[in-house]
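J.: let me see the structure of the following:
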Amino acid sequence: MIVVLGSINLDICLSVANLPQPGETISATGRQLFAGGKGANQALAARRAGAEVAFVGAVGRDAGAEVALAHLRAAGVDLSALEEVETPTGTAMILVEASGENLIVVEGGANRALSEASVAVAVDRARGGTLVLQQEIDDALTELALQTARAQGVRSVLNLSPFGARSGPLSQLADVLITNEGEWEALQAWASAKGLAANWWRSKVVLVTRGSAGVYVFSPEGDLSLPAPVIQPVDTVGAGDTFCGYLVAALTEMELPEAVALAIRAASLACLRPGAQPAIPTRQEVARHGA
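T.: Okay, here's the model as predicted:
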């Protein structure tokens, strides 16, 4: 069982010709509502990759929750541990320019009301499987989850996004780290400032996503670099979450290099459609695009 403990949002997506500069007011060419949140996106990606998945998070008692949960329910993600709270469901405002690049502002909402009880449930349900986390819930809960998972022998995967003040300490507690290039550089700067050895992370599996340049993989068994397909992106929102979810699912059935290659193909396909969750491909769609 893959258990994702994390965020769930209602995404308000605005299409723009170009992302605004500071102080600039621009007009949008379109508006759409999507289900989102890094935790929910990764749970859905793992489920569409074929894994059994439970999602643990919090939503409000509002109309936004229904939109945010729709794809998870349709895919058969286990939502039995979902919390309903009085705080409104989390919201993300996303600007997507014609090139596919994006700018995102997140208001945590119900994600910030998640309880410690949910952490205990998530770790317990991940016994014998994998616990997946990001950084869109309170860092204190993420730290508690990682510490509890380590104490109970549960494998943990941490996506260090969005990178923040606690990302460095949290990274030391996880078994697998997934970062993008900017986050990896920030993590290395933190480690250097703390006086850690240059190879402090060598006991872990570390994946550094590099967009169109592919993925670096560092592991105790060896390092490698895997390329990404050449595509013309429509919308890169959710591509990183697709990679994370597919990777975790694939690691339950194949070796690391093959799992990374599958996750790269899935993330590339996710860039060809708008929105985060609607763009996540099924395992059959990824298979049709070959190795």
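J.: wait, what's in contact with residue 158?
T.: By C-beta atoms under 8 Å, 6 or more residues apart in numbering, residue 158 lies in contact with 133, 134, 142, 146, 170, 171, 173, 174, 176, 177, 178. Quick note: C-beta positions are derived from backbone N, CA and C, even for glycine.
J.: how about the strands in the stretch 51-200 of the chain?
T.: For the stretch 51-200 of the chain, the strands defined by DSSP state E, counting those that start in this stretch occupy 53-56, 58-60, 83-85, 90-97, 102-107, 130-133, 155-159, 176-180.
J.: distance to residue 117 and mean pLDDT added to the ones you listed, as CSV?
T.: What follows is the strands of the stretch 51-200 of the chain, written out as CSV (distance: least, C-beta to C-beta, whole Å; pLDDT from 0 to 100):
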stretch, distance to residue 117, mean pLDDT
strand 53-56, 10, 98
strand 58-60, 11, 98
strand 83-85, 8, 97
strand 90-97, 19, 90
strand 102-107, 24, 87
strand 130-133, 16, 98
strand 155-159, 19, 98
strand 176-180, 25, 97
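J.: what's the closest of the contacts of residue 158 to residue 43?
T.: Nearest to residue 43 among the contacts of residue 158: residue 134, at 10.6 Å, using C-beta to C-beta.
J.: where in the protein is pLDDT low?
T.: Within the chain, the stretches with pLDDT under 70 are 290-291.
J.: now with 80?
T.: 100, 237, 275, 289-291 (pLDDT under 80).
J.: okay, how far is it across stretch 227-235, tip to tip?
T.: Terminal residues of stretch 227-235 lie 20 Å apart, using C-alpha to C-alpha, to the nearest Å.
J.: for it, what is the distance to the chain centroid?
T.: 19 Å (C-alpha atoms, centre = their mean, to the nearest Å).
J.: who's in contact with that stretch?
T.: Contact with stretch 227-235 is made by 96, 99-100, 102, 210-215, 239, 264-265, 267-268, 271-275, 279, 289, as judged by C-beta under 8 Å, 6+ apart.
J.: list only buried entries from those.
T.: For the contacts of stretch 227-235, a neighbour count by 16 or more other C-beta atoms under 10 Å gives the buried set as 96, 100, 102, 211, 214-215, 239, 264-265, 267-268, 271, 274-275, 279.
J.: just these: which are in strands?
T.: Those of the buried ones among the contacts of stretch 227-235 mapping onto strands are 96, 102, 215, per DSSP state E.
J.: wait, which of these is closest to residue 50?
T.: Proximity of these to residue 50 (C-beta to C-beta) peaks at residue 215, which lies at 20.6 Å.
J.: hmm, the closest one is touching residue 267, no?
T.: No: with contacts counted by C-beta atoms under 8 Å, residue 215 stays clear of residue 267, the gap being 9.0 Å.
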